[in-house]
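Asker: Sequence and predicted structure are below.
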Amino acid sequence: MNQKITRTKENQSGSHRLYRLLTGDNGIVGTRNRQTREAWLEKTLQAIPAGQRILDAGAGELRYKNLCSHLHYVSQDFAQYTGEGDGIGLQTGTWDQTRLDIVSDITDIPVEEASFDAVMCIEVLEHVPDPISALRELTRVLRPGGVLIVTAPFASLTHYAPYFFQTGYSRYFYEYWLETMGYTIEDMQWNGNYFEFLAQELRRLPWASKEYADTAVPLHLRFILGLLLAWLEKPAKRSQGAEQLLSFGLHIKAKKQ
């Protein structure tokens, strides 16, 4: 049995090397969703003057607290997600929210108006039943002239269910609602594009096929999949507006008037 497993691994490794040799796939396209988002977020947060007060709304496990070491950081979350959720879609398995400063509904945060110089809400809006009310509450707690930082998916798989109410938001959502609420959008960045998104989902295909259809992708189809991924590098880099069609998500920085 061990020899069989060893030979299988050797065959797969050999096929993988052959595939990489023939396709030139460097394994990048479709893999930079989080990396791109966090690079933009770090740059945006560093631009906030030191000592200012920032609210991390829907902070979860305080993933981005380390980017706010120059700020007075306050975290908020409703603290109901456990990591296991209802078992549907993507779950984290574990989830630690013991370090939160404020536990409340995002539409009813127990602080006075204009309490913060900046508010960030990172990958949260899709998990809120009423995102408009959430944005209104974030606007209430932000001082005039303060900065709102928001990221959310353009489209996404079911994750953190049952707290998953929208798959994502387009530019028009932000342009309409933020203008209505008295903001000026200072920065709007698209994360990825149609080709990047397609590559991301193609990379998930072996997992999804096994998980949801109990079917492994045959080796020859994996090779074809690799060829397609390698080809997608080119249109992903040469995109001329493909982010308007589909992307991982949008990154927004807006100033409250």
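Answerer: Perfect, thanks for sending it.
Asker: Check whether Val111 really touches Arg140, as I assumed.
Answerer: No: the pair Val111 / Arg140 is not scored as a contact, 9.0 Å apart, by C-beta atoms under 8 Å. To be clear about C-beta, it is placed using only N, CA and C from the backbone, and glycine gets the same treatment.
Asker: got the buried residues for the longest strand anywhere in the chain?
Answerer: Taking DSSP state E as the criterion, the chain has its longest strand at strand 142-153. For strand 142-153, burial by neighbour count (16 or more other C-beta atoms under 10 Å) applies to Leu142, Arg143, Gly146, Val147, Leu148, Ile149, Val150, Thr151, Ala152, Pro153.
Asker: any chance of the residues you listed in a markdown table, with distance to Met120 and pLDDT too?
Answerer: Formatted as a markdown table, those follow (distance: C-beta to C-beta, whole Å; pLDDT from 0 to 100):
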| residue | distance to Met120 | pLDDT |
| --- | --- | --- |
| Leu142 | 10 | 98 |
| Arg143 | 15 | 98 |
| Gly146 | 11 | 98 |
| Val147 | 9 | 98 |
| Leu148 | 8 | 98 |
| Ile149 | 4 | 98 |
| Val150 | 7 | 98 |
| Thr151 | 8 | 98 |
| Ala152 | 12 | 98 |
| Pro153 | 16 | 98 |
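Asker: Farthest-apart pair in these, please.
Answerer: Greatest spatial distance in these: Arg143 and Pro153, 28.3 Å, computed using C-beta to C-beta.
Asker: show me where the stretch 101-250 of the chain has helices.
Answerer: Using DSSP state H, counting those that start in this stretch, the helices found in the stretch 101-250 of the chain span residues 131-141, 171-180, 194-213, 219-237, 242-245.
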